[in-house]
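S.K.: Please find the sequence and the predicted model below.
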There are 2 protein chains.
Amino acid sequence: MPGDFLPAFFILNPNRYFWKKYKMSSFIDFGIAQKQYNRMNRITQLFGTKYPIIQGGMIWHSGWRLASAVSNNGGLGLIGSASMYPDILRENIRKCKTATDKPFGVNVALLYPNLEEIINIILEEGVKIVFTSAGNPKTYTETLKKEGIKVAHVVSSVKFAIKCQEAGVDAVVAEGFEAGGHNGRDETTTLCLIPNVRKHIDIPLIAAGGIGLGSQMRAAMTLGADGVQIGSRFAATVEASSHENFKNKIVELKEGDTQLTLKELAPVRLVKNKFFHDLENLYETGRNIEALKETLGRARAKRGMFEGDLVEGELEIGQVSALIDEILPVEKVFENLIKEFNEAKVDLSL
Amino acid sequence: MPGDFLPAFFILNPNRYFWKKYKMSSFIDFGIAQKQYNRMNRITQLFGTKYPIIQGGMIWHSGWRLASAVSNNGGLGLIGSASMYPDILRENIRKCKTATDKPFGVNVALLYPNLEEIINIILEEGVKIVFTSAGNPKTYTETLKKEGIKVAHVVSSVKFAIKCQEAGVDAVVAEGFEAGGHNGRDETTTLCLIPNVRKHIDIPLIAAGGIGLGSQMRAAMTLGADGVQIGSRFAATVEASSHENFKNKIVELKEGDTQLTLKELAPVRLVKNKFFHDLENLYETGRNIEALKETLGRARAKRGMFEGDLVEGELEIGQVSALIDEILPVEKVFENLIKEFNEAKVDLSL
């Protein structure tokens, strides 16, 4: 009996999309509906995706090509607006709409100088999902939600996760110390962060930092996350807009090849190349903040990740890069993630 | 039919302890045997324990009282020899033998000054399990294994895990950045370390660092570990030999209250108390290694963890302390771990 397997929720909501699509007239159809139900959770329901997998909106990687490929494969693709001038962002949103009929979103760093312009473009272009980061979740959550936009905010601590819930966001992304790029000051790892955030908030929770394999995805969800945000693994895809040199570098990186720096200033995880060591020296000898800001500026990140200068450029990537051995098409990344996720079950019963 | 559920291994080994204990004469007995089989894996078989849970051999915490309580509750208790003079270690081993008839072991830091004396005591007292750390796994593995002792070695990187396997150890403990006390230079977190070590070695693998809840235990095993080593959670137990002040401090610690310091010298995760800040200042201004060694010496760790001086003493504990809210008896810790482990299953199927 369907009632034995599907919860009352479905009986009461007969108009759900797959209910319409699959008539419950045969055992096979029922099997498909059951499989789809097994795959659904709060994240897939919130964003309308097939899988609870979000692709992090990374600067210089996440243009329309990557975002639409992720969405077409059943995840939630995010356009990373922080490396885009406003007109470039508009172009990326339009191209993404053409390339996919599935849900996608835009990541907005709330410290961005042209912030108001960026938000206006998002509203004008009818973007339905926004991930905010690097700032106060109160700043734009209400404005965006009034327009029917789903809002998630990225944090690295329990304290800010609670603030997000208070600000009324739809979901929280909690990102651990192992993540690439900008990071928290407490250095809390994903393994310690997720169960603690889960303990303190009720709304949907997305784990980030250190997730590139399906086993890591299942581990994060075992800790209480409803879904995952994956960055580095999607940076090393055919569809990422970053430079080929950087993608090849990601594939080569081994354990210990990335490190968090500028800890008291603005913690960021980088590849330990010449630029990193120059930055560390500058940081340690005198901590000249102006000189640091100049070195760290937008140009160096572009030079490294988009123009492919592996020596003088800033290269942001996560620790999980040590487990990434190939540049793959997004479709293959999904195939691997799903296979690994399903295989990583622990059979032990204590 | 039993043959459908229990592997040939049991049919061929009819003298296994629970086979003798539980006659297969009724369905209920069979259920018990099946449950015991579901609980067994390479770690429980290697050490002869009920659960694949090892209590880390922590200085100033892990005397005979803690080790025997852990063993009596189905885990593997380890006496931490690094804070003991040789005669104190001998006394602890003898008391542990009296307090439990279950397997227990001794943790040996291979940099210990009286190392040979310690090893001789272990051999003389007939200890059956030794966990070595902080040194080359080749140094004593052969000597110990010749005497029929099971040997595990603690590492923080794939590189040293491979060396352990080559040295012939029975199991590897891979410990992530979130762990308390001495730590690796690569800062690799447990979430990134375990799948990478699993990829490179075949022998039994024990995950450590950031594990204090049953959900974290299941997450670590989802990543490929066969068992877990738990430190901080057992430090805040009634049976730990550390000072009451320190146990109360562990319970109070919040996110961000511990930090890894002395990164280039000898990384160690400590509570951020006055001692920690004095040490950081000394480290940053000039890096006078002699002064650091003096400050860091044995006396400060004893002062903090054993004598309860929370200001001037060295306090080693893991990030997971932020999730530890009560001092509990070891029995209750096991009850919680097992309940949480069994409940933390992810039902989603992708």
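M.R.: Okay, I see it.

S.K.: which intervals of the stretch 1-150 of chain A have sub-threshold pLDDT?
M.R.: Counting by pLDDT under 70, the stretch 1-150 of chain A contains low-confidence ranges at A:1-31.

S.K.: try 90 this time
M.R.: Applying pLDDT under 90 to the stretch 1-150 of chain A flags the ranges A:1-40, A:83, A:111-114, A:134-135.

S.K.: So which residues on it come close to chain B?
M.R.: The stretch 1-150 of chain A comes close to chain B at residues A:35, A:38-39, A:41, A:51-52, as judged by Cβ under 8 Å from any Cβ of the partner chain. For glycine as for every other residue, the C-beta is placed from the backbone atoms N, C-alpha and C.

S.K.: Please check those residues and keep the buried ones.
M.R.: Neighbour-count burial (16 or more other Cβ atoms under 10 Å in any protein chain shown) applied to the residues of the stretch 1-150 of chain A next to chain B gives A:39, A:41, A:51-52.

S.K.: Keep only those of those that are in helices.
M.R.: Counted as lying in helices by DSSP state H, out of those, are residue A:39.

S.K.: how about the residue of the stretch 101-250 of chain A found nearest chain B, what does it touch?
M.R.: With Cβ to the nearest Cβ as the measure, residue A:186 is the residue of the stretch 101-250 of chain A nearest to chain B, at 3.3 Å. Residues in contact with residue A:186 (Cβ atoms under 8 Å, 6 or more residues apart in numbering or on different chains) are A:156-157, B:255-256.

S.K.: What segments of the stretch 151-300 of chain A are strands?
M.R.: Per DSSP state E, counting those that start in this stretch, the stretch 151-300 of chain A carries strands over the ranges A:171-175, A:181-182, A:205-208, A:227-230, A:258-261, A:268-271.

S.K.: now those strands in JSON lines, with distance to residue A:105 and mean neighbour count?
M.R.: As requested, those are arranged in JSON lines below (distance: least, Cβ to Cβ, whole Å; neighbours: other Cβ atoms under 10 Å in any protein chain shown):
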{"stretch": "strand A:171-175", "distance to residue A:105": "11", "mean neighbour count": "28"}
{"stretch": "strand A:181-182", "distance to residue A:105": "18", "mean neighbour count": "22"}
{"stretch": "strand A:205-208", "distance to residue A:105": "12", "mean neighbour count": "28"}
{"stretch": "strand A:227-230", "distance to residue A:105": "11", "mean neighbour count": "28"}
{"stretch": "strand A:258-261", "distance to residue A:105": "26", "mean neighbour count": "21"}
{"stretch": "strand A:268-271", "distance to residue A:105": "23", "mean neighbour count": "23"}
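
S.K.: pretty sure residue A:216 is in contact with residue B:195, am I right?
M.R.: Yes - because the distance of 6.5 Å satisfies Cβ atoms under 8 Å, residue A:216 is recorded as touching residue B:195.

S.K.: Distance check, the residue nearest to the spatial centre of chain A against residue A:233.
M.R.: Geometric centre of chain A, nearest residue: residue A:56, 2.5 Å, by Cα atoms, centre = their mean. Distance, residue A:56 to residue A:233, using Cβ to Cβ, to the nearest Å: 9 Å.

S.K.: And for residue A:74?
M.R.: From residue A:74 to residue A:233 the distance is 15 Å (Cβ to Cβ).

S.K.: Just want to know which of these two has more residues nearby.
M.R.: Neighbours per residue, other Cβ atoms under 10 Å in any protein chain shown: of residue A:74 and residue A:233, the larger number sits with residue A:233, 24 against 18.

S.K.: nearest residue to that one other than its sequence neighbours?
M.R.: In space, and not counting its chain neighbours, residue A:233 is closest to residue A:212: 3.9 Å by Cβ to Cβ, 6 or more residues apart in numbering or on different chains.

S.K.: what about that neighbour, how many residues close to it?
M.R.: 29.

S.K.: And for residue A:59, nearest residue in space, chain neighbours not counted?
M.R.: Among residues not flanking residue A:59 along the chain, residue A:83 sits closest, at 3.6 Å (Cβ to Cβ, 6+ apart).

S.K.: List the residues that contact that neighbour.
M.R.: Contacts of residue A:83 (Cβ under 8 Å, 6+ apart): A:59-60, A:298, A:301-302, A:306.

S.K.: Quick one: classify residue A:339 as helix, strand or coil.
M.R.: What DSSP: H, G, I helix; E, B strand; the rest coil gives for residue A:339 is helix.

S.K.: Was I right to think it contacts residue A:214?
M.R.: Yes - here residue A:339 reaches residue A:214: they are 6.5 Å apart, a contact under Cβ under 8 Å.

S.K.: Bridging across strands, which residues link to residue A:175?
M.R.: residue A:208 (DSSP bridges).

S.K.: mind listing what it touches?
M.R.: A:154-156, A:183-184, A:190, A:193, A:208-209, A:229.

S.K.: quick one on the thing from earlier: for the contacts of residue A:83, which single residue is the most surrounded?
M.R.: Neighbour counts for these, by other Cβ under 10 Å, peak at residue A:60, which reaches 25 neighbours.

S.K.: Got phi/psi on the residue nearest to that one when sequence neighbours are not counted?
M.R.: Nearest in space to residue A:60, with sequence neighbours left out and distances taken as Cβ to Cβ, 6+ apart, is residue A:305 at 3.9 Å. The phi/psi pair for residue A:305 (degrees, to the nearest 10) reads phi -80, psi -30.

S.K.: Residue A:305 and residue B:164: what is the separation?
M.R.: 37 Å.

S.K.: rewinding a little: any common contacting residues for residue A:216 and residue B:195?
M.R.: In terms of Cβ under 8 Å, 6+ apart, residue A:216 and residue B:195 are both contacted by the residues residue B:223.

S.K.: Neighbour count for these two, which is higher?
M.R.: residue A:216 (31 against 24).

S.K.: In contact with that one: list those residues for me.
M.R.: Contacts for residue A:216 (Cβ under 8 Å, 6+ apart) come out as A:210, A:228, A:320, B:191, B:195, B:223.

S.K.: Do I have it right that the last one meets residue B:197?
M.R.: No - if you go by Cβ under 8 Å, residue B:223 and residue B:197 don't touch, sitting 9.3 Å apart.

S.K.: Distance check, the closest residue to chain B within the stretch 1-150 of chain A against residue B:303.
M.R.: Nearest to chain B in the stretch 1-150 of chain A, going by Cβ to the nearest Cβ, is residue A:38, at a distance of 4.3 Å. Applying Cβ to Cβ, the value for residue A:38 to residue B:303 is 55 Å.
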